[in-house]
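S.K.: pasting the sequence and the predicted coordinates here, then a few questions.
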Amino acid sequence: QVQLVESGGGLVQAGGSLRLSCAASGRTFSYYAMGWFRQAPGKEREFVAVINPSSSSTAYADSVKGRFTISRDNAKNTLYLQMNSLKPEDTAVYYCAATTVPWGTGPNDFGSWGQGTQVTVSS
């Protein structure tokens, strides 16, 4: 399995930006499709974005499309999520996840998870 550690969360005002990072270790990072999910208090974990191993394909939840960008650097074993124009409803714990299947957008598609990083957007 691959081990994942997120960083970059914090408190930001509405309209601001944050970049999350996810450092991977333990297995060949470039084998995995990678995703970002988030979970707000009292809500289920929800899909945010996914990227395939070669970065040739990405997909986003409708709620973040046009504001968030997922990317990866296979040479650095790192996944990123650039978040712009943040809204209070983006407040959640953000998780990165890895899957050995070619593609996935549901939490059950992903077998390895990080511990999460808190993002809080104030109005």
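M.R.: In hand now; what should we look at? Since we're looking at a predicted model, the values are computed, not measured. Numbering: from 1, shown residues only.
S.K.: CA only for contacts and neighbour counts going forward, please
M.R.: Will do.
S.K.: who's L18 bridged to?
M.R.: M83 (DSSP bridges).
S.K.: show me what contacts it?
M.R.: Going by Cα atoms under 8 Å, 6 or more residues apart in numbering, L18 touches 8-10, 12, 82-84.
S.K.: also T105?
M.R.: Contacts of T105 by Cα under 8 Å, 6+ apart are 35, 47, 49-50.
S.K.: the one residue sitting closest to the centre of the chain: which element?
M.R.: In the chain, the centroid-proximal residue (Cα atoms, centre = their mean) is W36; its distance is 2.3 Å. Assigned by DSSP states H and E, W36 falls within strand 33-39.
S.K.: chain center to the next helix or strand along the chain from that strand, what's the gap?
M.R.: Moving toward the C-terminus from strand 33-39, the next helix or strand (DSSP H and E) is strand 46-51. Centre-to-centre, strand 46-51 and its host chain are 6 Å apart (Cα atoms, centre = their mean, to the nearest Å).
S.K.: over to stretch 115-122?
M.R.: 12 Å.
S.K.: now do the helices in this protein.
M.R.: Remark: no helices are assigned in the chain by DSSP state H.
S.K.: pLDDT below threshold where in it?
M.R.: Within the chain, no range satisfies pLDDT under 70.
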